[in-house]
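1. give me the fold of what follows.
(4 chains)
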Number of protein chains: 2
Amino acid sequence: MEAGLEGRNGEESRPVMKDGRTIAMRDRINIKTIAEKAGVSVATVSRVINQNGRFSAETEAMVRRVMEEMDYHPNTIAKSLRENHSRIIGVIVPDIMNAHFAGLVLEIEKNLFRHAYSTVICNTNESDALERKHIDTLLSQRVSGIVFISGKRHYSLDDVTVVYVDRRPDNYEIDDDCVVIESDNESGGYLAARCLIDKGCRNITMLYANNTDHNQKMRIAGYERALREQALAARTICVDTITAVAAAEKIREYIRAGSRPDGLVCTTDILAIGAMIGLRELGIRVPQEVRITGYDDSMLAALYNPTITSVRQSIEDMAQKTVDSLLERIDGGGKERAHHVLPVHLVERETTK
Amino acid sequence: MEAGLEGRNGEESRPVMKDGRTIAMRDRINIKTIAEKAGVSVATVSRVINQNGRFSAETEAMVRRVMEEMDYHPNTIAKSLRENHSRIIGVIVPDIMNAHFAGLVLEIEKNLFRHAYSTVICNTNESDALERKHIDTLLSQRVSGIVFISGKRHYSLDDVTVVYVDRRPDNYEIDDDCVVIESDNESGGYLAARCLIDKGCRNITMLYANNTDHNQKMRIAGYERALREQALAARTICVDTITAVAAAEKIREYIRAGSRPDGLVCTTDILAIGAMIGLRELGIRVPQEVRITGYDDSMLAALYNPTITSVRQSIEDMAQKTVDSLLERIDGGGKERAHHVLPVHLVERETTK
DNA sequence: CTCTTCTGAGTAATCGTTTACTCATTATTA
DNA sequence: TAATAATGAGTAAACGATTACTCAGAAGAG
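-> Numbering: from 1, shown residues only, chains lettered A, B, ... in the order given. I've put the predicted structure just below:
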């Protein structure tokens, strides 16, 4: 118990660093450095940075000058720790190479940046295991929210705001505590089919990929509605993979087997291209003998030869709605609408001339 | 001075929270929660999580069980603060919609994730102001490194590792403290031109965009070398914007003005497509009358009608080299090679049949 | 002139980790 | 058996911000 006496004589007021690392750290520029140089306290510097609390104009000018001079960047990590949220949004996407998804990422990032949020991108390559790993990482990072682009399953994640965009998760229920932004796929299918019907097609087939997700189903449903209205038979061809090669193969088989459609509604531009490749090999001309529609209005649609009529969803609107809903929930705590269906329209081009 | 007395009687040992917020925070799960439930100290939990220091097998099992049960995710923010780096890499890209850039982002993210790094994406939309803002944000976030995809200018950023990929910045000097990963654009230009020459073309023109960057210059130089070798005249057409429409326009003007090339080397697939659109309108057939090469081997090249011969750079290799160099500098502090030039090869398709 | 209000600014606790010290217990060695 | 080494685990000081309190002095009110 005499240790107390020992401690008293000497250097206990000198900042004795237990850690060793501190020597190297001393020259790191932090809010304290700025405070000292500016002759104020850290509280004042913080108040100037965040523009809250009280400080005089001169003080502000001085602090700003010092920050500028020292090229000081406030440490977001410390701020995040204190405030327990990171101003980072995780965006989980199956495949960023897909132009449709890339567009969404681009627009979401742009909108988030406007609100001073950063975007962490997580490519799952369609793997559930990878997706789960990404989610764990994001939770560890205490992200302020997670956006699933075309997410397959719904996770109920506590403590973090979740938005699904482009696709309603399979196990999603309207009253789940999350936001869903999707586009009107049923109308998209309807518009495409209707366009072909209006051009005079009577023997229309739908080419879709082997997806059983909600979007595909709705596109097919819209297509069927249009044909039903005109009392036309609704035929479908299912392609195993979303590749041009597979589609070309299927369409050749279909026609060699005796069918002779005069219109093809495709659920993706890639499938439409595949169909045209197949038809070209059979010497069948587009649009003279077969009219075709794609979906997504990708860059391909506008550049391909012939240019492709395609259903366009406004990526900008989807992204905007996504970010608005997300930030409203994060900042405002508002929870008015959790489900948005955005309109689509048809861009007519050479394949339906 | 009698306040001291007052403080003594009563509840000074109860954790009196000055802050108020603390009531709501009490139920937040942190390392302390786990430590208490597992009957060990926070140090032990930390050691189990990070697999360093000493602990017994039983202790580890217990800690793991509690973490599992409570669905505990260690707070990366606190860790980052303590360790002064975030395991986040900022990737600055001019336009993620560009498939070439998207591919790089995808592969970089994939490689980084393997090493437990996260990727923050920053789209600059080619704006210098936005780029600067993004950099400031990244510095505030204390990112472990920054990757510039196709970055125009070199910033000397202290305290953060920088890699430029796909493009050597304009003001870059070999001895600058950064890494540059580029592909062999000179060879690319040479290979494309050589291919046309080998197919018998003698009147070859290069179609390039109004870019004065290093990559374009090198592609042009390679093209010129190939033609010089065969004592052929090297002509060029400069297109104002990298769009198919602009290219189509230019090629029509060029031919209407009396020129009649039998080969076109284009510095981008988009330009190649534009050229073909222009030629088609003039009734000139590809490849029978004019042979064409593109660059980047984008998805367009394989799908277009006709399919396009194109110079391919291995995106995977570039991304791998980028991440390897980056992490080597961050983790290892190694600085052996700062400049890598990766090989390219030609993918021959219908436009040069 | 005294009492109250306002203003500008400082002090110190807190966020959740990591890790340099430290210290009991057990092995191990002489 | 005694000295030494190895093992397992705890204590508490950082990391860099934010902000609830606090307070001195100026301004205003009575």
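
2. confidence score at the residue nearest to A:Arg252 when sequence neighbours are not counted?
-> Closest residue to A:Arg252 in three dimensions, ignoring its sequence neighbours and counting by C-beta to C-beta, 6 or more residues apart in numbering or on different chains: A:Gly278, at 4.7 Å. For the C-beta atoms, the positions are set from N, CA and C on the backbone; glycine is no exception. Looking at A:Gly278, its pLDDT stands at 97.

3. equivalent analysis for A:Ala99, please.
-> A:Ala99 is assigned 89 on the pLDDT scale.

4. kindly report the same for A:Glu6.
-> Here the pLDDT value assigned to A:Glu6 is 31.

5. kindly report the same for A:Asn9.
-> Each residue has a pLDDT score; the one for A:Asn9 is 32.

6. thinking again about what came up before, neighbours around the residue nearest to A:Arg252, how many?
-> Neighbour count for A:Gly278, taken as other C-beta atoms under 10 Å in any protein chain shown: 23.

7. these two touch, right, it and A:Arg256?
-> No. A:Gly278 is not in contact with A:Arg256 according to C-beta atoms under 8 Å; the separation is 10.1 Å.

8. check whether A:Ser187 really touches A:Val341, as I assumed.
-> No. Counting by C-beta under 8 Å, A:Ser187 stays clear of A:Val341, with 9.0 Å between them.

9. out of those two, which sits in the more crowded spot?
-> A:Ser187 (20 against 15).

10. and that one, how far is that from DNA strand C?
-> 47 Å (C-beta to the nearest atom of the strand, to the nearest Å).

11. for A:Val63, same thing?
-> Distance of A:Val63 to DNA strand C, computed by C-beta to the nearest atom of the strand: 9 Å.

12. and the helix or strand hosting that residue, what's buried?
-> Under the criterion of DSSP states H and E, A:Val63 resides in helix A:57-69. By 16 or more other C-beta atoms under 10 Å in any protein chain shown, the buried positions in helix A:57-69 come out as A:Thr59, A:Met62, A:Val63, A:Val66, A:Met67.

13. still on that earlier bit, hang on, the residue nearest to A:Arg252 in a helix?
-> Yes. Assigned with DSSP: H, G, I helix; E, B strand; the rest coil, A:Gly278 falls within a helix.

14. show me the contacts for it.
-> By C-beta atoms under 8 Å, 6 or more residues apart in numbering or on different chains, the contact set of A:Gly278 is A:Ala247, A:Ala248, A:Glu249, A:Lys250, A:Ile251, A:Arg252, A:Ile255.

15. mind listing what the third one touches?
-> Taking C-beta under 8 Å, 6+ apart as the definition of contact, the neighbours of A:Glu249 are A:Gly278.

16. can you do 10 Å?
-> Residues near A:Glu249 by C-beta atoms under 10 Å, 6 or more residues apart in numbering or on different chains: A:Val239, A:Asp240, A:Thr243, A:Gly274, A:Ile277, A:Gly278.

17. what is the nearest of the residues you listed to B:Tyr304?
-> Ranked by distance to B:Tyr304 (C-beta to C-beta), those are led by A:Ile277 at 10.5 Å.

18. pretty sure that closest one sits against B:Asn305.
-> Yes. Counting by C-beta atoms under 10 Å, A:Ile277 does reach B:Asn305; the two are 7.6 Å apart.

19. between these two, who's got more neighbours?
-> Between A:Ile277 and B:Asn305, counting by other C-beta under 10 Å, A:Ile277 is the more crowded of the two (19 against 14).

20. that one - nearest residue in space that isn't next to it in sequence?
-> Using C-beta to C-beta, 6+ apart, the closest residue to A:Ile277 is A:Ala248 (4.3 Å).

21. pLDDT on the strand or helix carrying that neighbour, on average?
-> A:Ala248 belongs to helix A:244-256 when assigned by DSSP H and E. Regarding helix A:244-256, the rounded mean pLDDT is 96.

22. just name whatever secondary elements whichever helix or strand comes after that helix is in contact with.
-> Next helix or strand after helix A:244-256 toward the C-terminus (DSSP H and E): strand A:263-266. Here strand A:263-266 touches helix A:185-198, strand A:204-209, helix A:214-229, strand A:235-239, helix A:244-256, helix A:269-281, strand A:291-295, strand A:309-313, going by 3 or more C-beta pairs under 10 Å, 6 or more residues apart in numbering or on different chains; DSSP states H and E.

23. give me the neighbour count for the closest residue in space to A:Glu350 that isn't next to it in sequence.
-> Nearest non-adjacent residue to A:Glu350, counting by C-beta to C-beta, 6+ apart: A:Pro306, 3.6 Å away. Neighbourhood size, A:Pro306 [other C-beta under 10 Å]: 16.

24. distance of A:Pro306 relative to A:Ile121?
-> Note on A:Pro306: its distance to A:Ile121, by C-beta to C-beta, to the nearest Å, is 35 Å.

25. one more: A:Lys32?
-> Relative to A:Ile121, A:Lys32 is positioned 34 Å away (C-beta to C-beta).

26. name the residue in those two with the higher neighbour count.
-> When A:Lys32 and A:Ile121 are compared for neighbours, A:Ile121 comes out ahead with 25 against 12, by other C-beta under 10 Å.

27. so, low pLDDT: which residues of chain A?
-> Across chain A, the ranges flagged by pLDDT under 70 are A:1-26, A:333-336.

28. I'd like to know which elements the helix or strand that contains A:Lys79 is packed against.
-> Using DSSP H and E, A:Lys79 sits in helix A:76-83. Counting by 3+ C-beta pairs under 10 Å, 6+ apart, the packing neighbours recorded for helix A:76-83 are helix A:42-50, helix B:76-83, helix B:128-140.

29. domain parsing for chain A?
-> In the domain annotation for chain A, the residue ranges read A:12-74, A:86-183+A:316-343, A:185-314+A:347-352 (automatic domain parsing).

30. now the residue of the stretch 201-350 of chain A found nearest chain B: closest residue in space, sequence neighbours ignored.
-> Going by C-beta to the nearest C-beta, chain B is nearest to A:Asn305 of the stretch 201-350 of chain A, at 4.9 Å. Closest residue in space to A:Asn305, ignoring its immediate chain neighbours: B:Asn305 at 4.9 Å, by C-beta to C-beta, 6+ apart.

31. so who does the one you found touch?
-> Contacts of B:Asn305 (C-beta under 10 Å, 6+ apart): A:Ile273, A:Met276, A:Ile277, A:Arg280, A:Tyr304, A:Asn305, A:Pro306, B:Met276, B:Glu350.

32. also A:Leu139?
-> Neighbour list for A:Leu139: A:Gly90, A:Ile146, A:Leu157, A:Asp158, A:Asp159, A:Val160, B:Asp71, B:Tyr72, B:His73, B:Pro74, B:Asn75, B:Thr76 [criterion: C-beta under 10 Å, 6+ apart].
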